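Asker: Sequence first, predicted model second:
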Amino acid sequence: MEKIIEKAKELGALIEKSDIVLTQRAAKKEFDDNAELQDLIGAFNMAKMSLMNESNKDTPDAAKVEEFRNQTTQAYENVMQHPVMM
């Protein structure tokens, strides 16, 4: 059993050093550290919450729902067009 645990640890160490893991970590760091992108994501989340809140009312205002839907769509496009996301 010790041999299996030892080999599993070796495999884990190799995975940690693999190009795939290193590339993913670098991409995540770039994503997390980009203040502009994080602001865009925050704007998307706010627009989405506004849309959900209005849509879930007993009598949602159709004009507001459409406005929030458009804002959400535009915010999503802004996030996806950011260079870090490409």
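Answerer: Perfect, I can see it now. Note that the coordinates shown come from a computational prediction; the quantities given were computed from them, not determined experimentally.
Asker: Read off the pLDDT value for residue 86.
Answerer: As predicted, residue 86 sits at a pLDDT of 89.
Asker: shaky segments in the chain?
Answerer: The model of the chain has no residue with pLDDT under 70.
Asker: show me what contacts the most centrally placed residue in it?
Answerer: Residue closest to the average C-alpha location in the chain (C-alpha atoms, centre = their mean): residue 41, at 7.6 Å. Neighbouring residues of residue 41 by C-beta atoms under 8 Å, 6 or more residues apart in numbering: residue 79. Heads up, the C-betas are built off the backbone N, CA and C, glycines and all.
Asker: could you check the distance from it over to residue 86?
Answerer: 15 Å (C-beta to C-beta, to the nearest Å).
Asker: Repeat that for residue 18.
Answerer: For residue 18 relative to residue 86 (C-beta to C-beta), the value is 23 Å.
Asker: Compare the two (neighbour count), which wins?
Answerer: Neighbours of residue 18 and residue 86, each counted by other C-beta atoms under 10 Å, are more numerous for residue 18; the result is 10 against 6.
Asker: what separates stretch 44-54 from the chain centre, distance-wise?
Answerer: 16 Å (C-alpha atoms, centre = their mean, to the nearest Å).
Asker: Outside of that stretch itself, list whatever touches it.
Answerer: So stretch 44-54 is contacted by 60-61, 64-65, 68-69, 71-72, 74-76, 78-79 (C-beta under 8 Å, 6+ apart).
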